[in-house]
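Q: Got a predicted structure plus its sequence, pasted below:
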Amino acid sequence: MRYHLLILTAVCLLAPAIESARANSAIEFMQRRDALAEDDATGHYKLGVWAESRSLKHQAALMYHRVLELDPDQNDAYQRLVRIADTTRLPADAAYRAELRNAFPDHELHVSEHYLVLYDTDEKWARSRAALLEKAHDVFYATYRRMGFRPRPLKRRMVCVLFADHADFDAYARRVDRVSMGWSAGYYSTGTNRIVFYDERTSPHFKKMLEKIESLRAQADDLRAQITAASNARQHAIVFDLRAKLEEVDKQLRWNRNRHKAISKDGNTVKSTHEAVHQLAFNSGHQNAAVQYPFWFNEGLATNFEPANAAERFGPLQLNEYRRLQLVDTLKETEPIALKDLVSTHKPPTDDLDHTLLMYNQAWALYRFLFKFHRDELKAYVRHMNTAKHGRRTPEQFEKDFVDAFGPIDKLEPKYKRYLDNLK
């Protein structure tokens with residue numbers, strides 16, 4: 001007992017000295033950092049090592065981040081940064097939290113390992129969204145690290161804003177990001193670096209879905225009654241036609257019921273992980289916010305992280321059955337978009353929803369095809385785009401970027417089309 005008291009006394013006496021030494025080191029760190037040239041990768045690396053040796057892990061991480069911004073291939077800085085991230089919590093960032101609270105006075109704040117979640121929804125739903133975002137974070141980093149990509153750990157917690165009401169969500173999107181989100185359950189803004197969602201159960205589309213389900217149920221009941229009457233009258237041709245119509249109505253009814261059930265149970269799970277991956281990609285250095293990316297890469301990446309429910313496994317190593325079925329159904333009636341057109345497009349047309357949906361689904365398939373069978377080329381593409389010229393790019397530039405990484409389109413396209421056929 002006496003021995004333990006002596007140790008405790010010694011620790012108490014040493015604690016002020018340790019804190020004083022750390023404070024002096026922090027001051028010296030700032031002085032050294034201010035003396036560095038912004039483009040001095042070697043100087044930033046050495047200062048990071050020095051800060052680590054004095055237990056200034058957050059300061060060291062900032063130096064390694066800067067090194068990798070200047071030289072993405074600097075492996076020692078990357079490994080040191082990963083080690084710090086895996087063993088140290090992100091900074092508390094009290095000033096940033098206070099700033100967010102002031103910006104959203106009607107919202108509560110939930111802090112998780114990697115997110116600051118502001119919400120005016122019920123707490124249970126907000127916590128379930130935070131847990132899902134954490135899962136998206138873990139799957140994203142585990143997948144890309146395991147497959148040889150180099151996503152950088154986060155500098156700070158990312159921000160997610162949750163609205164209980166669709167009208168408040170749309171008003172925020174119009175005011176802050178100058179966009180109308182009447183059609184969407186959530187989005188990621190590169191301008192604010194926030195993901196924003198609302199509880200889809202409050203959506204006018206959700207209410208219309210209930211009305212649609214009731215309408216389809218009534219149609220199915222009416223068709224069954226007609227089939228019975230025609231069958232009793234031995235009108236076999238009419239029965240055949242009516243059964244085909246009933247099959248189509250039942251198919252729509254099943255889809256709407258499943259969608260309604262998913263929203264009721266999990267909220268906008270698919271949208272949450274989809275937009276979270278957009279945010280993760282830009283905050284991990286997997287994408288560069290100053291560079292314009294083609295549609296296939298932006299949305300192909302995100303559509304490969306869409307679980308049907310919060311418990312489902314997801315990521316490009318898993319098959320997104322929802323996307324697969326949509327794509328297969330569409331390709332029964334139309335030809336796929338030519339690869340040359342797909343890879344050179346920045347965004348889909350605003351007046352053709354069917355074509356837009358096909359673009360999303362083909363982007364999912366193309367990204368997964370490249371991830372599975374041309375992963376080294378995909379890594380090269382990611383590295384190239386990260387250092388590409390900032391600003392807008394033309395369709396010709398998008399096509400050249402693709403060809404430089406993956407080779408001639410006319411040689412790759414037959415393999416890609418076979419992959420689409422195999423999805424059936």
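A: Here it is on my side, so go on.
Q: For residue 285, see how far away the nearest residue to residue 145 once chain neighbours are set aside is.
A: Leaving aside its sequence neighbours, residue 145 sits nearest to residue 151 (C-beta to C-beta, 6 or more residues apart in numbering; 6.8 Å). Glycine gets a C-beta too; all of them are placed from N, C-alpha and C. Distance of residue 151 to residue 285, given as C-beta to C-beta, to the nearest Å: 7 Å.
Q: again with residue 127
A: From residue 127 to residue 285 the distance is 29 Å (C-beta to C-beta).
Q: picking up where we left off before, which residues do residue 151 and residue 285 both contact?
A: Counting by C-beta atoms under 8 Å, 6 or more residues apart in numbering, residue 151 and residue 285 have no shared contacts at all.
Q: Okay, strands next: where are they in the stretch 101-250 of the chain?
A: Per DSSP state E, counting those that start in this stretch, the stretch 101-250 of the chain carries strands over the ranges 108-111, 115-119, 158-163, 186-189, 194-198.
Q: Residue 127 against residue 110, yeah?
A: Yes: between residue 127 and residue 110 there is a contact under C-beta atoms under 8 Å: 6.3 Å.
Q: Run through the stretch 301-424 of the chain and note the low-pLDDT ranges.
A: Scanning the stretch 301-424 of the chain for pLDDT under 70 picks out nothing.
Q: Mind jotting down where the helices sit in the stretch 101-250 of the chain?
A: 123-146, 166-177, 204-232, 236-266 (DSSP state H, counting those that start in this stretch).
Q: Please identify the most buried of those helices.
A: helix 123-146 (a mean of 18; mean count of other C-beta atoms under 10 Å).
Q: Tell me the gap between that one and the middle of its chain.
A: 10 Å (C-alpha atoms, centre = their mean, to the nearest Å).
Q: same thing with stretch 28-45?
A: For stretch 28-45, the separation from the chain centroid amounts to 33 Å (computed by C-alpha atoms, centre = their mean).
Q: how long is it end to end?
A: End-to-end distance for stretch 28-45: 16 Å, by C-alpha to C-alpha, to the nearest Å.
Q: which parts of it are buried?
A: Across stretch 28-45, burial judged by 16 or more other C-beta atoms under 10 Å covers 29, 32, 33, 41, 43, 44, 45.
Q: between these, which is nearest residue 90?
A: Lowest distance from residue 90 to the buried residues of stretch 28-45 (C-beta to C-beta) belongs to residue 29, with 18.4 Å.
Q: Give me the distance between that closest one and residue 224.
A: 76 Å.
Q: Now residue 177: closest residue in space that isn't a chain neighbour?
A: Counting by C-beta to C-beta, 6+ apart, the residue nearest residue 177 is residue 189, at 4.9 Å.
Q: among the buried residues of stretch 28-45, which two are most distant?
A: 29 and 41 (17.6 Å).
Q: Give me the distance between the two termini of stretch 328-337.
A: First-to-last residue span, stretch 328-337, C-alpha to C-alpha: 13 Å.
Q: tell me which residues of it are tucked away?
A: Neighbour counts over stretch 328-337 (16+ other C-beta under 10 Å) mark 330, 331, 336, 337 as buried.
Q: now stretch 48-61
A: For stretch 48-61, a neighbour-count test (16+ other C-beta under 10 Å) marks 48, 50, 51, 52, 54, 56, 57, 58, 59, 60, 61 as buried.
Q: Specify the next element, helix or strand, located C-terminal of the least confident helix or strand in the chain by mean pLDDT.
A: None of the helices or strands of the chain scores lower by mean pLDDT, DSSP states H and E than helix 2-35, at a mean of 67. Following helix 2-35 in sequence order, the next helix or strand is helix 41-53 (DSSP states H and E).
Q: can you list contacts of that next one?
A: Counting by C-beta under 8 Å, 6+ apart, 25, 29, 32-33, 36-37, 57, 59-64, 66-67, 70-71, 74, 76-77, 80, 84 sit against helix 41-53.
Q: Can I get the helices of the stretch 101-250 of the chain in TSV including distance to residue 156 and mean pLDDT?
A: Formatted as TSV, the helices of the stretch 101-250 of the chain follow (distance: least, C-beta to C-beta, whole Å; pLDDT from 0 to 100):
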stretch	distance to residue 156	mean pLDDT
helix 123-146	13	95
helix 166-177	20	93
helix 204-232	34	85
helix 236-266	28	78
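Q: Compare those helices and report which one is nearest to residue 385.
A: helix 123-146 (14.9 Å).
Q: Show me the residue sitting in the middle of the chain in space.
A: residue 277 (1.5 Å; C-alpha atoms, centre = their mean).
Q: Just say helix, strand or coil for that residue.
A: Secondary structure, DSSP: H, G, I helix; E, B strand; the rest coil: residue 277 is helix.
Q: What distance do you get for it to residue 314?
A: On the measure of C-beta to C-beta, residue 277 and residue 314 end up 10 Å apart.
Q: Now do the shared contacts for these two.
A: Common contacts of residue 277 and residue 314 (C-beta under 8 Å, 6+ apart): residue 305.
Q: Could you chop the protein up by domain?
A: 2-87, 92-199+271-285, 211-266, 287-424 (automatic domain parsing).
Q: Outside of stretch 272-281 itself, list whatever touches it.
A: Residues from elsewhere that reach stretch 272-281 (C-beta under 8 Å, 6+ apart): 129, 132-133, 135-137, 140, 151, 158, 160, 186-188, 193-195, 197, 286-287, 298, 301-303, 305-307, 314.
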